[in-house]
Structure formats: structure tokens, C-alpha cells
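J.: Provide a 3D model corresponding to the input given below.
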Amino acid sequence: MAKKKNKAGDSWEWITRLSGLICLFGFPGLLFAQPKSIQVTSRVPLAVQLPQHAPMKVGQPLDCRLLYPVYVDNQLAIPAGSLVRGDIVRLEPDRSRRMHSRFRGDFTPFHVPVVQFNELVLPDGSKEPIVSEPATHGIPILRLSPPPARPRGGFLAQQWDLARDKGKEIGRFFTAPGRGDRLVQVFYHQLPYHPERIESATTWTVNLAQPVDIKPSDPAPQADPVVSREQKGEEWQLHAYLEETLSSAKQKPGDTFQAWISEPVFNTDHELVVPEGSLLVGEITKAKAGRSFGRQGRLRFRFREIRLPGGFVEPVHANLTGIDSLKSANLQVDAEGEVQPQPRNRITAPLVLALLASRGFDQDDNKQLNGAVAANGFGIIGRVAGIVASSRNVAAGIGVYGAALAIFDLWLAPGKDVVFVKSTRIEVTTTPARSPLTAH
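T.: Model (predicted):
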């Protein structure tokens with residue numbers, strides 16, 4: 001009996017040792033498993049925004065924030081709000097702005113900054129070195145959204161509405177936070193030379209020159225529930241980037257274009273219906289270039305199908321609900337999805353400048369005051385000249401020059417074209433024309 005017990009004990013000891021070896025060498029992945037890294041390639045655009053003003057000089061460091069999340073294979077790779085660091089690598093001359101400003105008494109040699117980013121700081125504090133391609137199209141952007149349809153009045157009614165909106169805008173200029181900085185900038189732009197800066201909210205859309213591996217944090221980024229938006233019925237909110245530049249001067253009705261869907265879409269059952277990397281195919285339905293006498297360009301497009309990465313094509317009915325736009329371009333989109341520059345009040349500015357210029361011909365004895373009031377249109381140089389010259393003709397002449405510039409800008413100059421550069425972000429609400437994509 002003792003021998004049998006010893007044999008049983010030896011067998012149990014060998015089984016225990018063997019189990020330990022299997023756990024140690026047979027299943028190392030279970031003991032030492034590491035989260036798989038996510039590789040962000042050069043195809044994925046990074047929209048980074050500067051939160052505050054920065055001087056315009058080479059070598060100036062820039063700390064920007066990522067505006068939109070970045071997905072890879074339907075997993076969240078880089079959350080929105082991550083810090084992206086870089087600097088200004090060189091300055092290029094902005095010739096069109098220089099020419100426009102010199103006619104108005106501003107001889108500042110304006111530049112366009114070329115920026116490059118080299119570090120990514122995730123919300124958990126981890127840092128990843130990156131190498132981005134140089135970016136030049138840094139612009140303060142606005143989110144355009146179609147307003148509710150409203151009846152259109154005649155020309156005079158429209159001008160009255162524009163004058164009223166302009167009055168509200170002037171009121172906000174003096175009452176909204178940051179008015180001190182705005183007043184300083186207005187004064188600077190009256191000088192013949194002033195320092196340059198990069199405005200706050202300037203946004204660059206950059207691409208990586210080299211892929212970067214992002215290590216998922218704990219918990220894994222893909223577990224973030226914010227991005228798995230539940231859709232009502234079969235209506236989906238798509239976020240995409242244009243894969244080419246669209247211009248009202250170059251596109252023709254019938255031309256097609258594509259937008260790369262950057263965020264996955266889930267239905268109410270949390271099933272993936274539109275994967276990241278799908279293509280949204282659109283068609284130009286109206287395109288008019290800007291023409292002489294202030295006739296503005298117009299652009300309208302619609303989306304007709306989604307192409308999934310596996311090759312399946314789904315017809316859709318889609319409406320444009322938002323698009324990033326140049327803040328300085330002053331674009332607007334109507335309820336039907338047509339984009340055009342905002343209409344301008346073409347009467348008030350020339351009329352006011354002409355009335356002020358007429359003050360130079362007043363026959364009272366206060367020539368300096370009349371000259372300061374009349375000499376508009378050439379910055380502080382014109383005002384100083386109108387005061388020092390003590391001549392009604394000089395002051396009135398400078399004022400007439402300013403009124404003539406306003407008439408040219410508003411009535412004679414060619415209208416602006418509607419342009420959306422490559423990698424412009426758009427938001428589209430779409431409904432599939434057939435069964436849900438999940439079935440495929």
C-alpha cells in the first residue's frame with residue numbers, strides 16, 4: 001500500500017510540474033500579452049487648431065489641439081483634443097494680400113507661415129514622435145450649416161437686412177469678450193506697417209510623412225463609447241474629408257468627386273453599418289464661376305452612393321449638414337445645399353465714405369477736423385496728410401479715393417469663387433436607398 005501511495009504521489013508531483021511548464025512556456029501570450037499598436041498612415045488627415053495667437057516668425061513653437069478624432073480600422077487611434085506640437089519652418093510671401101493692402105495704405109510685407117509638426121501628446125500624457133508634411137493652408141475656419149428656408153425679398157429689402165446684420169455685428173465687436181485685442185488690431189491695420197501674427201483658431205490639415213504606431217492606453221481607446229453614435233432609424237451622420245479640391249471656377253455640372261469617410265457609424269444595435277475608410281461619391285449639380293461686376297461664384301453638389309472597402313456599393317440620399325470653410329471667405333450655404341459667398345451691403349459703405357469725403361469742402365474754419373473726417377481710405381497716412389495739408393482739396397481727394405475703392409470692391413471687381421481645398425472636412429446626413437449595409 002505504501003508503494004502505491006508513493007507512486008500516486010510521484011505521479012501527482014509530475015503532473016503539477018508539467019502544468020507549471022505549460023503555463024510558463026505554452027501560453028506566454030496569456031501571461032505577457034501586450035495591447036496591439038495602431039498604425040496611423042499618411043492617408044489619415046490630422047486637423048489641428050491653434051488655440052491662441054502666435055507671432056509670425058521662423059522657429060516659433062506651436063502647440064495645437066486635434067480638432068477631430070482619428071480612426072484606424074474602425075478603432076479610435078487618436079482622441080480629439082490631443083496635443084500636437086510643431087513650429088514654423090519658413091515664411092512665404094503673401095503677394096495677393098500685399099498688393100491689396102498697399103492700395104489702402106498698409107505696406108506690411110505679409111507672409112504665409114509654413115508649419116511642420118513633430119510630436120503628439122495623447123490625453124494620458126504619453127508622447128509619440130511624428131513627422132508631418134509641411135502645411136501652408138492655415139486658416140481660421142467656420143462651420144457652415146444650412147439655415148431654415150426663409151422667403152427672399154427684393155434688392156432694397158435684402159440691403160436693409162444686411163445693414164441690420166452689420167449693425168448687430170458691430171455691436172458684438174464692442175461687447176463680446178476680447179474687444180481690447182480687437183481694438184488694438186483695428187488700430188494696427190491703420191498703420192503703414194505693423195507686426196504680423198497667426199490668429200487664434202487657425203487650423204491646418206496635415207498628413208503624416210511617415211506612419212506612426214500608437215500604443216493603446218488602458219482602457220483601450222476603441223472602447224470609447226462617444227464615437228459609436230446611435231442612429232435614428234436608417235439615418236446616419238457621416239464625417240468625411242474631400243479627396244480633391246472643389247472650385248466653382250473649375251468644376252462642371254456632372255463632375256464626380258469622392259470624400260473619404262473618417263469615422264465609423266453604428267446603428268441602434270451597435271452594429272457597424274458604415275466602416276471607416278469607405279468612400280462617399282458625390283456629383284456636382286451646379287457650378288458658376290465668379291464674374292465681373294461683383295457676381296459671386298456658386299457651387300452645389302449632392303451625394304449619391306457609398307463604396308465600402310470590400311467593393312460593395314450602396315445608393316444613398318444625402319444632405320449636406322456641415323462643412324469647414326475659410327473664415328475670411330465669408331461663405332454661406334442655403335437650405336438647398338448651395339454654397340456661395342455671403343451677400344454684401346453694396347450701398348452703405350460707398351455712400352458713407354462719399355458723405356464723409358464731402359466734409360472736406362466745408363467752408364468753416366476748422367480745416368484740420370474736416371480733413372481728419374474726410375480723409376478715409378488710405379489708413380493713418382491719409383488722415384495725417386488730410387490734417388497736415390490744411391487743404392480742402394487734399395482731404396476731399398483722399399476721401400474720394402477711399403469711396404472709389406469701396407465702389408470698385410463692391411460693384412466692379414470680379415466676384416469670388418467658392419473653393420473647398422483637398423482634405424476639407426464635411427458632415428453629411430444620409431439615408432440608404434436599399435437595405436442596411438450591415439446585411440452585406
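J.: make it CA atoms for all contacts and neighbour counts henceforth
T.: Fine.
J.: where does this structure have its least confident helix or strand?
T.: helix 28-32 (a mean of 41; mean pLDDT, DSSP states H and E).
J.: ok, then the element right after that one?
T.: Proceeding N to C from helix 28-32, the next assigned helix or strand is strand 38-40, under DSSP states H and E.
J.: buried residues in that following strand?
T.: Buried positions in strand 38-40, judged by neighbour count with 16 or more other C-alpha atoms under 10 Å: I38, V40.
J.: other SSEs contacting it?
T.: strand 70-72, strand 212-214 (3 or more C-alpha pairs under 8 Å, 6 or more residues apart in numbering; DSSP states H and E).
J.: 6 Å instead, please
T.: Secondary-structure packing of strand 38-40 (3 or more C-alpha pairs under 6 Å, 6 or more residues apart in numbering; DSSP states H and E): strand 212-214.
J.: partner strands of the next helix or strand after the strand it packs on and their direction?
T.: Sequence order places strand 236-242 as the next helix or strand after strand 212-214, per DSSP H and E. Strand pairing for strand 236-242, using DSSP bridges, gives strand 256-261 (antiparallel), strand 425-432 (antiparallel).
J.: next, format the ones you listed as CSV and append mean pLDDT and mean neighbour count.
T.: Formatted as CSV, these follow (pLDDT from 0 to 100; neighbours: other C-alpha atoms under 10 Å):
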stretch, mean pLDDT, mean neighbour count
strand 256-261, 94, 22
strand 425-432, 84, 20
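J.: mind putting these in TSV, distance to F110 included?
T.: Formatted as TSV, the strands paired with strand 236-242 follow (distance: least, C-alpha to C-alpha, whole Å):
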stretch	distance to F110
strand 256-261	33
strand 425-432	27
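J.: out of these, the one nearest T205 is which?
T.: For the strands paired with strand 236-242, the distance to T205 is smallest for strand 425-432, at 9.3 Å, taking C-alpha to C-alpha.
J.: for that closest one, the distance to its chain's centre please.
T.: On the basis of C-alpha atoms, centre = their mean, to the nearest Å, strand 425-432 sits 17 Å off its chain's mean C-alpha point.
J.: CA-only coordinates of it in PDB, if you can.
T.: Output of strand 425-432 as PDB, limited to C-alpha atoms (Å, rounded to 0.1, in the frame of the first residue of the first chain):
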ATOM      1  CA  ARG A 425     -14.000  68.100 -43.600                       C
ATOM      2  CA  ILE A 426     -17.700  67.700 -44.400                       C
ATOM      3  CA  GLU A 427     -20.700  66.400 -42.400                       C
ATOM      4  CA  VAL A 428     -23.400  64.600 -44.300                       C
ATOM      5  CA  THR A 429     -26.800  63.200 -43.100                       C
ATOM      6  CA  THR A 430     -27.600  60.200 -45.300                       C
ATOM      7  CA  THR A 431     -30.300  57.600 -45.700                       C
ATOM      8  CA  PRO A 432     -29.600  54.300 -47.600                       C
END
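J.: where's the residue nearest to I130 when sequence neighbours are not counted, which helix or strand?
T.: What sits nearest to I130 in space, not counting adjacent residues and going by C-alpha to C-alpha, 6 or more residues apart in numbering, is N118, at 4.8 Å. In the assignment (DSSP H and E), N118 maps to strand 111-121.
J.: dump the residue contacts of A413.
T.: Applying C-alpha atoms under 6 Å, 6 or more residues apart in numbering to A413 gives the contacts S292, F293, G294.
J.: pLDDT at it, what is it?
T.: Each residue has a pLDDT score; the one for A413 is 91.
J.: also I347?
T.: 85.
J.: and it, how far from R295?
T.: 15 Å (C-alpha to C-alpha, to the nearest Å).
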